[in-house]
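**Student:** Just need the structure, nothing else, for what follows:
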Amino acid sequence: MAAAGPAVTSSPTDPDAKQGSAKPGQGSMWGGRFAEPMDDLVTRVNASIGVDSAMAEEDLRGSVAHARMLTEQGVLSAEEGAAIQAGLEELLSDLTSGRLKFTDEHEDVHMNLESLLTQRIGPVGGKLHTARSRNDQVATDMRLHVRARAGTIVDLLGELRGVLVGLAEANLGVIMPGYTHLQVAQPVLLSHHLLAYQEMLRRDQGRLGDALERMDESPLGAGALAGTTFPIDRHRTAELLGFARVAANSLDAVSDRDFVIEVISALAIVMMHLSRLSEELILWSSQEFGFVTLPDAYTTGSSMMPQKKNPDVCELVRGKTGRVYGALMGILTVMKGLPLAYNKDMQEDKQGLFDALDTAEDSLRLYVGMLPRARFKAQRMRAAAEAGFSNATDLADYLVRKGVPFREAHHVVGRLVSMALEEGVGLADLPLERLQAVEGRITQDVYEALGLEAVVDARASHGGTATLRVKDAIEAAKEDLKRGA
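**Tutor:** As a prediction, this is how the structure comes out:
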């Protein structure tokens, strides 16, 4: 999770104070046009420093690159550029050490930092904003911030994939029931089940990586909306900030947040997958299933019932999925009706984004810590697979190989399942004469086809649950992880 930003203080407000007590434009860097000060409530609602202070480091690094480019282009003198860059580096050091204090008097992180810079180095600090608008500034800061934070999540997805592959390898011989409609369907290897989530997270990692690649372009230098009259070098600032390219259209550069939408969308899918895994672990850890024991460090007890061990981490991840969905719906709604270029509505683009990044990162870290310590109960899983007629399809396939049309074989096996249910036994426990009474083509070799290992290993098609196929899948996943794929 990202480190907390610098302290933010609110300007004192007095509901009984006269609105005309301050000078027009006082405390603002844009107040020259205005004849009266901003209303106190407008000041509070308009301020975004409580949220965008999280981008202070990115803002300072973007300013360093901008100042360096302006100096190289001769827009700033060497002395001016050196003073500004030294002041920015000092602010960066103070930010890292936690000494910076921000105030909503200056509305946002950009104006706070410019004000602090000017206080330290004098009026020359005001020259930093030459050939730059807060519109291209915030768009740049956000891309830098998302690039770093989402990059961490990409790494965590790879780490969790490695955990799942390790669990699959360690539990290779464990057979469990596979389900459809939450009803026992066919037996599968637990390893096969775990690798299904590995595949989901592999695609999640790719989706987020694709989003990061698409957003890897610098808006800096686009100005408020139309570019600038100064002889800037946008490619130079893109290079200094590590962007792959510059945004091609100044209007688009400052006015779209599709990169935010795409990243949150990818995070929402990540959380959906984690929520599904959470749901299964919640079920599996219940007394009714008893398939897994979760580590004590990732569970909680009850204030009343001393026997309880609750899967709260799984439940919280399942619940927090809604926060990320909400962030996605929020930014889509903010952007859906905005004309070009920048509109103040877009100030609402950060809180949901930052919360989604925090939520996904925390959730992945929880699972990276919890899953390696989960203990799967092989005997309980096997018993559940044996008790649920999960070999019924294999009996039908056996009859097909004996020349019985599948639809007829399906009907025959249904009758045999009913018979076994009445007698409280499994299909493999029915005597041969009882089987033959329903279908005469059944012979002694049927029992070889009905054992759980045989049922699992018979599914040797590519991507199937057969032990050999699962071993192949484990090795392939290891190679993918090694290559960073």
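**Student:** Met142 - how many residues pack around it?
**Tutor:** Met142 is flanked by 23 other residues according to other CB atoms under 10 Å. The way it works is simple: take the backbone N, C-alpha and C, and place the C-beta from them, glycine included.
**Student:** so it touches Met55, yeah?
**Tutor:** Yes - with contact defined as CB atoms under 8 Å, Met142 and Met55 form a contacting pair (6.9 Å).
**Student:** Now list whatever residues contact both of the two.
**Tutor:** Lys350 (CB atoms under 8 Å, 6 or more residues apart in numbering).
**Student:** name the element Glu433 belongs to?
**Tutor:** Using DSSP states H and E, Glu433 sits within helix 432-438.
**Student:** Secondary structure element for Gly87, which one?
**Tutor:** Judged by DSSP H and E, Gly87 forms part of helix 78-97.
**Student:** Run through who's touching that helix.
**Tutor:** 6, 56-57, 60-61, 63-64, 67-68, 70-71, 76, 100, 113, 116-117, 120-121, 124-125, 127-128.
**Student:** And those, which of them are buried?
**Tutor:** 6, 56-57, 60-61, 63-64, 67-68, 70-71, 76, 100, 113, 116-117, 121, 124-125, 127-128 (16 or more other CB atoms under 10 Å).
**Student:** Let's see which of these end up in strands.
**Tutor:** Assigned to strands by DSSP state E, none of the buried ones among the contacts of helix 78-97 qualify.
**Student:** Where does the prediction get shaky in the stretch 251-400 of the chain?
**Tutor:** Low-confidence segments of the stretch 251-400 of the chain (pLDDT under 70): none present.
**Student:** how about the strands of the stretch 301-450 of the chain, start to end?
**Tutor:** 375-376 (DSSP state E, counting those that start in this stretch).
**Student:** For Phe243, give me its contacts.
**Tutor:** Contacts here follow CB under 8 Å, 6+ apart; on that basis Phe243 touches 143, 216-218.
**Student:** Among these, give me the pair with the biggest separation.
**Tutor:** Asp216 and Ser218 (8.6 Å; CB to CB).
**Student:** between these two, what contacts are shared?
**Tutor:** What both Asp216 and Ser218 touch, as defined by CB under 8 Å, 6+ apart, is the set 143, 243, 245.
**Student:** Save these as CSV, and put in pLDDT too.
**Tutor:** Shown next, in CSV, are the shared contacts of Asp216 and Ser218 (pLDDT from 0 to 100):
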residue, pLDDT
Arg143, 98
Phe243, 98
Arg245, 98
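**Student:** and which of those residues is nearest Gln186?
**Tutor:** Arg143 (47.2 Å).
**Student:** longest helix anywhere in this structure?
**Tutor:** helix 134-170 (DSSP state H).
**Student:** Pull the distance from that helix to the chain's centre.
**Tutor:** 7 Å (CA atoms, centre = their mean, to the nearest Å).
**Student:** what helices or strands is it leaning on?
**Tutor:** helix 56-72, helix 109-121, helix 190-214, strand 217-218, helix 250-255, helix 258-284, helix 351-370, helix 467-483 (3 or more CB pairs under 8 Å, 6 or more residues apart in numbering; DSSP states H and E).
**Student:** Compute the inter-axis angle for that helix and helix 56-72.
**Tutor:** 130 degrees (axes from the mean of the first three to the mean of the last three CA atoms, to 10 degrees).
**Student:** how distant is stretch 116-127 from the center of its chain?
**Tutor:** Distance, centroid of stretch 116-127 to centroid of chain: 39 Å (CA atoms, centre = their mean).
**Student:** tell me how far the ends of it are from each other?
**Tutor:** In stretch 116-127, first residue to last residue: 14 Å (CA to CA, to the nearest Å).
**Student:** which residues touch it?
**Tutor:** 76, 80, 83-84, 86-88, 90-91, 100, 114, 128.
**Student:** Most neighbours among those residues, which one is it?
**Tutor:** Among the contacts of stretch 116-127, Leu88 has the most neighbours (other CB under 10 Å), with 27 neighbours.
**Student:** Pop the domain breakdown of this structure in here.
**Tutor:** 36-130, 135-379, 383-483 (automatic domain parsing).
**Student:** that older thread, does anything pack onto the helix holding Glu433? Which helices or strands?
**Tutor:** Short answer (3+ CB pairs under 8 Å, 6+ apart): helix 432-438 packs on helix 406-423.
**Student:** which of the residues in the helix it packs on are buried?
**Tutor:** 409-410, 412-413, 416-417, 419-420.
**Student:** Pick out whichever of those residues sits closest to Leu277.
**Tutor:** Distances from Leu277 to those, taken by CB to CB, are shortest for Val417, at 31.1 Å.
**Student:** Against Glu423, how distant is the closest one?
**Tutor:** 11 Å (CB to CB, to the nearest Å).
**Student:** and what of Cys314?
**Tutor:** From Cys314 to Glu423 the distance is 38 Å (CB to CB).
**Student:** So what's the gap between the helix holding Gly87 and the chain middle?
**Tutor:** With CA atoms, centre = their mean, you get 34 Å for helix 78-97.
**Student:** pLDDT averaged over that helix, what's the number?
**Tutor:** When pLDDT is averaged over helix 78-97, the result is 97.
**Student:** after it, next one along is what?
**Tutor:** Per DSSP H and E, the helix or strand that comes after helix 78-97 is strand 101-103.
**Student:** What residues sit buried inside that next one?
**Tutor:** Buried-residue list, strand 101-103, by 16+ other CB under 10 Å: 102-103.
**Student:** neighbouring strands for it, and are they parallel or not?
**Tutor:** The pairing partners recorded for strand 101-103 under DSSP bridges are strand 7-9 (parallel).
**Student:** Rounded mean pLDDT for the partner strand, please.
**Tutor:** Per-residue scores along strand 7-9 average to 68.
**Student:** Can you tell me how far the spatially closest residue to Asp216 that is not a sequence neighbour is from Arg147?
**Tutor:** The shortest distance from Asp216 to any non-neighbouring residue, by CB to CB, 6 or more residues apart in numbering, is to Ala244 (4.3 Å). The gap separating Ala244 from Arg147 is 11 Å, by CB to CB.
**Student:** Residues in contact with both of those two, list them for me.
**Tutor:** By CB under 8 Å, 6+ apart, Ala244 and Arg147 have these common neighbours: Asp216.
**Student:** quick one, which of the two is more surrounded?
**Tutor:** The neighbour comparison of Ala244 against Arg147 (other CB under 10 Å) goes to Arg147, with 18 against 11.
**Student:** Give me the pLDDT for the more buried one.
**Tutor:** Residue-level pLDDT assigned to Arg147 equals 97.
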